[in-house]
Structures are given as C-alpha cells and as structure tokens.
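Novice: What shape does this take:
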Amino acid sequence: MASLLTLLGIKGEEKQRLIDLARHAAEPNWLVVGMPGIPQQLAGAIESERHASSLVEWSRDIVPGLLQTADYARALATAVGLPEPEVDARVLLRVGRSEVITRRDPVELLALISEDALHEKICVPEVMLDQLRHLLCMAERPNVTIQVVPPRVGWHPGLLGPFVLYSFPDAQPVVHFEHYSSGAFVIDEDDVHAYQDAVEVIRGIARNPDDSAKLIATIAKDLEQKL
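Specialist: The predicted structure follows:
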C-alpha cells in the first residue's frame, strides 16, 4: 500500500491515513473511516446515518442527536467546555446531520427517549421549550416515531447506556455507542442481535407514540407557564 501511494503521488497525512486503514482492514473497525477535520468515530457514525434505511436511537439523558435543535446542541457543546469556534463547528455539523430524516428519501427513525432527558436542565428554559416543540413537530413526520420511556420502571437494558442501531438495505445492521470522548461500533452478528432484543424490551416499557406526544406537550406547557 505504501509503495502504491508513493507511485500515485499521495503524501503526508493522507498517505498515513490510508496506510492505517490498510493495516487494520482485517479488524472489526472497518466502519471507522476518516473525514477531513472530523474524528474517525464520528465520521463512521455520519456515514452510517447517510446510508441507513432505518435507525433506532436510545437516549437516556439527552435528546437524540438527530432531533436536537441548534440551540440545544450549542448548549451541550458549551457545557463540555469546547472553545467557541469548535462549538460553532459542532453545531453546524449536528444540524446538518438531521438532513437524513428530512430529505426526499428519508431514513426511518425510531427515537426512544428517557423521560428524564425531557426534564434535564442542560440549557435555559427557553431553549428547552423550543426543543420540546421541535420534538412534537418532528413526531408528526411519517418517518419519525418518538416513544418516551417512563422513569423508575425497574431494570431494562437501556440502563446500561445509550446506543444507535443502524439497518441498511444491502448490508448487515451495526450498532454504535459513544462515550465522553470516544465511541465504538459493534458489528458481530450475535452482539447486534442482543441490541435488537434490547430495542424490543425498551419499546415494551415505553409509552406509545400518541401518549408520548401528549406527555411532551404537557411538559412543554408546564415549562411555558413558568417562563
């Protein structure tokens, strides 16, 4: 690979990136690809969103990424102490990624959200109110299903952490989960099947879409009255 890249005149960081990909080609991290200025794990998630036919996101503490407003995303980025230029870039990227659920051929999104995430004081009340209204608006889209999981319902697999399950029209499903500053893909068939089972369990304890929308509307109304 190194000789071929030299022959093609590819040098520097791009050459090293391609050599690294070739070196790890046989390892189970094949989805972790690089994009200019974007960490590899994030780049892999973005590519998965673009090519998925459907995805399920379980979010325990915050609003799922594809459903975040710009101001909500900014509050999250600011809270972790990112410098202002990086905050702006993060927000633009986050808002741009939501295009996959609004484009002409949109991805099917099932968002499973813990009720606690709808009350978490991550941002000022005005921003949270706008975020709740945005959830209600997005829930009206035929390709978006939002279900809220009540608190204190006992143990369920979602308590172990958030994750995203991607399904593709011509490839096996994969799972992605993020930590504070890193993330990982799960591609083993048995492991992915365990996450698929987890989705069914979480859906089983979640409110149905209509009741979820009513709850979000009630929370928004209560918040509005406090402003």
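
Novice: make it CA atoms for all contacts and neighbour counts henceforth
Specialist: Will do.

Novice: need the helices for this structure, in chain order.
Specialist: 2-8, 12-23, 40-51, 70-79, 84-97, 125-139, 189-205, 209-226 (DSSP state H).

Novice: could I get those as a markdown table with mean neighbour count and mean pLDDT?
Specialist: Formatted as a markdown table, these follow (neighbours: other CA atoms under 10 Å; pLDDT from 0 to 100):
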| stretch | mean neighbour count | mean pLDDT |
| --- | --- | --- |
| helix 2-8 | 11 | 77 |
| helix 12-23 | 13 | 73 |
| helix 40-51 | 19 | 80 |
| helix 70-79 | 19 | 93 |
| helix 84-97 | 16 | 88 |
| helix 125-139 | 18 | 98 |
| helix 189-205 | 15 | 96 |
| helix 209-226 | 15 | 97 |
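
Novice: just so I know, which of those helices lies nearest residue 149?
Specialist: Nearest to residue 149 among those is helix 189-205 (6.5 Å), distances taken as CA to CA.

Novice: Pipe the helices of the chain into JSON lines and attach distance to residue 178 per row.
Specialist: Output for the helices of the chain, formatted as JSON lines (distance: least, CA to CA, whole Å):
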{"stretch": "helix 2-8", "distance to residue 178": "32"}
{"stretch": "helix 12-23", "distance to residue 178": "21"}
{"stretch": "helix 40-51", "distance to residue 178": "9"}
{"stretch": "helix 70-79", "distance to residue 178": "15"}
{"stretch": "helix 84-97", "distance to residue 178": "15"}
{"stretch": "helix 125-139", "distance to residue 178": "22"}
{"stretch": "helix 189-205", "distance to residue 178": "15"}
{"stretch": "helix 209-226", "distance to residue 178": "25"}
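
Novice: Among the ones you listed, single out whichever gets nearest to residue 177.
Specialist: Here helix 40-51 is closest among those (CA to CA), at 9.3 Å.

Novice: In terms of secondary structure, what does the closest one contact?
Specialist: strand 183-186 (3 or more CA pairs under 8 Å, 6 or more residues apart in numbering; DSSP states H and E).
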